[in-house]
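Visitor: how would this look folded up:
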Amino acid sequence: MVKKISHSLEIPLHWRLPILEARWFMDIYSKSSKMNPLLLELAKLDFNKVQAIYRDDLKLASRWWSNIGLGEKFSFARSRLVESFLWNVGVASEPHLRYFRRMSAALYQLITMVDDVYDVYGTIEELELFTNAVERWDTDALENLPDYMKMSFLAVYNYVNEIAFDVLKEKGFNIISYLKKGLEIRVGDVPKSIECYMNEKGVSESEAKEHVRSLIDQTWKKMNEDILTSSPFPHSFKEIAMNVARMSLWMYQFADGHTDQDPVTKDRIASLLIEPVL
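Guide: A predicted model of the protein is given here:
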């Protein structure tokens, strides 16, 4: 009971990813005096079967990354294929979404690599060409981009359906401007939101953290409202968008799980992708 209460007080249930919550809850449920052995066994079999699918998907993604050889050509860039794949297990955990997970993992890894390549070799002029091309959704602008940016642009272009992009833009959800702004300040270390607020308002770190928490709360309330309102998108599309926010919290809750490969992230990777439930 203490573990359940502590878990519930940490973050709300609807901020958590269902697949990760299921993995955590099986361990807790196995110790309950009201545990149904047949139900628990069925849950374990189901999880292990889906986990085997994830492992096969990861093998295919790893083979692709090895075959294209970009890791060897850009040895200074981060190789985060497993973390990139993990993002998409959280975002789209359903067994039948295998193609989505593999393609999205490839995209995440390419973006990670392009980010590192840009830090070493990029210029402001190339950055402007890239972000302007993405903002206009202009494939003709590819001719003026370096090869590594061409790959990233094509990945983004194929990842987001053009019709969906237009609908989002018509409704005022133009997230590309935020991407562009974020990339423009990638000179040296990027100031964090808490640090920026401290400098802008002259407040303490604890006050800045509380402000950021309030922004997160407000954003979740808006997301909860939006997912229940009518839109041209199916519920599955909106649920994946919610899972992106959930996965972001999970990946960065204790450290930079995508970059640092900290022990917490390694344990989570093992429990979700490698170690079956016994």
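Visitor: any weak-confidence spans in the chain?
Guide: Low-confidence segments of the chain (pLDDT under 70): 74-77, 115-192, 254-262, 264.
Visitor: where do the helices sit along this protein?
Guide: 2-10, 18-29, 37-68, 70-73, 81-91, 98-121, 124-136, 147-159, 162-170, 176-184, 193-201, 205-228, 235-252, 263-269 (DSSP state H).
Visitor: who wins for proximity to Val277 among the ones you listed?
Guide: helix 37-68 (4.5 Å; Cβ to Cβ). To be clear about C-beta, it is placed using only N, CA and C from the backbone, and glycine gets the same treatment.
Visitor: Identify each buried residue in the closest one, please.
Guide: Buried residues in helix 37-68, counting neighbours by 16 or more other Cβ atoms under 10 Å, are found at 43, 47, 50-51, 53-54, 57-58, 61, 65.
Visitor: give me phi/psi at Ser93?
Guide: The phi and psi values for Ser93, taken as degrees, to the nearest 10, are phi -90, psi -10.
Visitor: got TSV for the helices of the chain, with distance to Glu275 too?
Guide: Converted to TSV, those look like this (distance: least, Cβ to Cβ, whole Å):
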stretch	distance to Glu275
helix 2-10	20
helix 18-29	10
helix 37-68	8
helix 70-73	26
helix 81-91	14
helix 98-121	19
helix 124-136	39
helix 147-159	30
helix 162-170	36
helix 176-184	35
helix 193-201	35
helix 205-228	31
helix 235-252	18
helix 263-269	9
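Visitor: And those helices: which comes nearest Leu278?
Guide: helix 37-68 (7.6 Å).
Visitor: Can you check what angle separates the closest one from helix 98-121?
Guide: 50 degrees (axes from the mean of the first three to the mean of the last three Cα atoms, to 10 degrees).
Visitor: can I get the CA coordinates of stretch 96-115 in PDB?
Guide: C-alpha atoms of stretch 96-115 as PDB (Å, rounded to 0.1, in the frame of the first residue of the first chain):
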ATOM      1  CA  HIS A  96       0.600  -4.000 -34.700                       C
ATOM      2  CA  LEU A  97       2.300  -0.600 -34.900                       C
ATOM      3  CA  ARG A  98       5.700  -2.200 -35.700                       C
ATOM      4  CA  TYR A  99       6.400  -0.200 -38.900                       C
ATOM      5  CA  PHE A 100       5.700   3.000 -37.100                       C
ATOM      6  CA  ARG A 101       8.100   2.200 -34.300                       C
ATOM      7  CA  ARG A 102      10.900   1.200 -36.700                       C
ATOM      8  CA  MET A 103      10.600   4.200 -38.900                       C
ATOM      9  CA  SER A 104      10.200   6.600 -36.000                       C
ATOM     10  CA  ALA A 105      13.200   5.100 -34.300                       C
ATOM     11  CA  ALA A 106      15.200   5.700 -37.500                       C
ATOM     12  CA  LEU A 107      14.000   9.300 -37.600                       C
ATOM     13  CA  TYR A 108      14.900  10.000 -33.900                       C
ATOM     14  CA  GLN A 109      18.400   8.500 -34.500                       C
ATOM     15  CA  LEU A 110      18.900  10.600 -37.600                       C
ATOM     16  CA  ILE A 111      17.800  13.800 -35.800                       C
ATOM     17  CA  THR A 112      20.200  13.000 -32.900                       C
ATOM     18  CA  MET A 113      23.000  12.500 -35.400                       C
ATOM     19  CA  VAL A 114      22.200  15.600 -37.400                       C
ATOM     20  CA  ASP A 115      22.100  17.600 -34.200                       C
END
